[in-house]
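In: Sharing a model that was predicted from the sequence below.
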Amino acid sequence: MYYYFVLQQRILSRKMEELGLHPVLGYILGVLIFLGLSFYLFYKTTYAGYIYVATGLSVVFGFGEKERNDFLKTTFPLSTYRRVRAAENGLLVLPFVVFLCFKTEFLLALGLLPAALTLSLFNSGTRLSLTIPTPFSRFPFEFTTGFRKYWLLYLLAYFVAWKAIEVTNFNLGVGSLAFICLLAMSHYALPENDYYVWMYNCTPRHFLLKKMATAWLYLSMLTLPLIVVLSIFFWDKSWILFLVLALGLFLIGAMILAKYSAYPQEMSLPQALFFGLSMWFPPLLLMVLPLFYKRAVQRLNTYLQ
């Protein structure tokens, strides 16, 4: 078990080196970014603790893929596999638990760690002989796989919106809407197999337009029910909800352009950091979107002619 975590650390270090970043500097930068975002979140909202817990659990979900854990089961005896998964989930949420304790959110911290350890018993892709139906099958595959993988987090977002209505807290409802937008963006984080690009019979420009139109349609389908319900109870502030949705649609389109500007590789660290910075200041994206678009067309020309 010890050597498994040593191997994971070496893999992470080598990925940093491939990005042109010294591992030590990468770890320090990661800690600083984590602390900066954490302090900013707790500064902006009184419900930061709940958002923080949801974020920590979403990280755990990302490591619970069925294919990945099936491989671990073939590598380790069942008892060792259980210990590896529990230790892995515990380490993933440990920074969140420590920061929650620093903010004196002890109940949330005590709830997050057992929840993460419990999730180590399941795969995020486990179907339990039931295929979760989605309205996204017409245009695969990002939202279909993403929704089935993170459906619990979507359900959590709607639950938070319901609590926002119950306690008459509009900001909490806006937070749930923004969380759905960010969750939808995560479906486009990793590059797909080139077959899923090559099968489109169109030019790179039309391909990007189709991808963005699909993302806009599906994100609207996920958020409009929530917006309608929140608008009924917060009618005088409903314009803010549509503004957040518009920003979400803009950012998911930018995410698609950024993704394919690096295709078939993942976004480089400078690209990812710059895109993350632009999310906090969207006008900055207006300056780089033409560059993302131009590079994406150039990259896709290899697969689409």
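Out: All right, it came through fine.

In: Extract the C-alpha trace of the worst-scoring helix or strand of the chain on mean pLDDT and format it as PDB.
Out: For the chain, counting by mean pLDDT, DSSP states H and E, helix 269-280 ranks last in confidence among helices and strands (a mean of 71). Provided in PDB are the C-alpha atoms of helix 269-280 (Å, rounded to 0.1, in the frame of the first residue of the first chain):
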ATOM      1  CA  LEU A 269      -0.600  24.400 -16.700                       C
ATOM      2  CA  PRO A 270      -0.200  28.000 -17.900                       C
ATOM      3  CA  GLN A 271      -3.400  27.700 -19.900                       C
ATOM      4  CA  ALA A 272      -5.300  26.200 -17.000                       C
ATOM      5  CA  LEU A 273      -4.100  28.900 -14.600                       C
ATOM      6  CA  PHE A 274      -4.900  31.700 -17.000                       C
ATOM      7  CA  PHE A 275      -8.300  30.300 -17.700                       C
ATOM      8  CA  GLY A 276      -9.000  30.000 -14.000                       C
ATOM      9  CA  LEU A 277      -7.900  33.600 -13.500                       C
ATOM     10  CA  SER A 278     -10.200  34.600 -16.400                       C
ATOM     11  CA  MET A 279     -13.100  33.000 -14.700                       C
ATOM     12  CA  TRP A 280     -12.700  35.400 -11.800                       C
END
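
In: and that helix, what does it pack onto?
Out: Here helix 269-280 touches helix 238-260, helix 285-300, going by 3 or more CB pairs under 8 Å, 6 or more residues apart in numbering; DSSP states H and E. For every residue, glycine as well, the C-beta is placed using N, CA and C.

In: tell me the angle the longest one makes with helix 285-300.
Out: To tie it back to what came earlier, the one meant is helix 238-260. 40 degrees (axes from the mean of the first three to the mean of the last three CA atoms, to 10 degrees).

In: Which element, helix or strand, includes the closest residue in space to residue 99 that isn't next to it in sequence?
Out: Spatial nearest neighbour of residue 99, excluding adjacent residues (CB to CB, 6 or more residues apart in numbering): residue 38 at 5.2 Å. Element membership for residue 38 (DSSP states H and E) is helix 23-44.

In: Would you map the helices across the protein?
Out: In the chain, the segments counted as helices under DSSP state H are 2-18, 23-44, 48-62, 66-75, 78-102, 106-119, 142-166, 170-186, 195-198, 204-233, 238-260, 269-280, 285-300.

In: Now tabulate the ones you listed in JSON lines and tack on mean neighbour count.
Out: As requested, those are exported to JSON lines (neighbours: other CB atoms under 10 Å):
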{"stretch": "helix 2-18", "mean neighbour count": "12"}
{"stretch": "helix 23-44", "mean neighbour count": "13"}
{"stretch": "helix 48-62", "mean neighbour count": "20"}
{"stretch": "helix 66-75", "mean neighbour count": "12"}
{"stretch": "helix 78-102", "mean neighbour count": "17"}
{"stretch": "helix 106-119", "mean neighbour count": "16"}
{"stretch": "helix 142-166", "mean neighbour count": "18"}
{"stretch": "helix 170-186", "mean neighbour count": "21"}
{"stretch": "helix 195-198", "mean neighbour count": "14"}
{"stretch": "helix 204-233", "mean neighbour count": "17"}
{"stretch": "helix 238-260", "mean neighbour count": "19"}
{"stretch": "helix 269-280", "mean neighbour count": "14"}
{"stretch": "helix 285-300", "mean neighbour count": "16"}
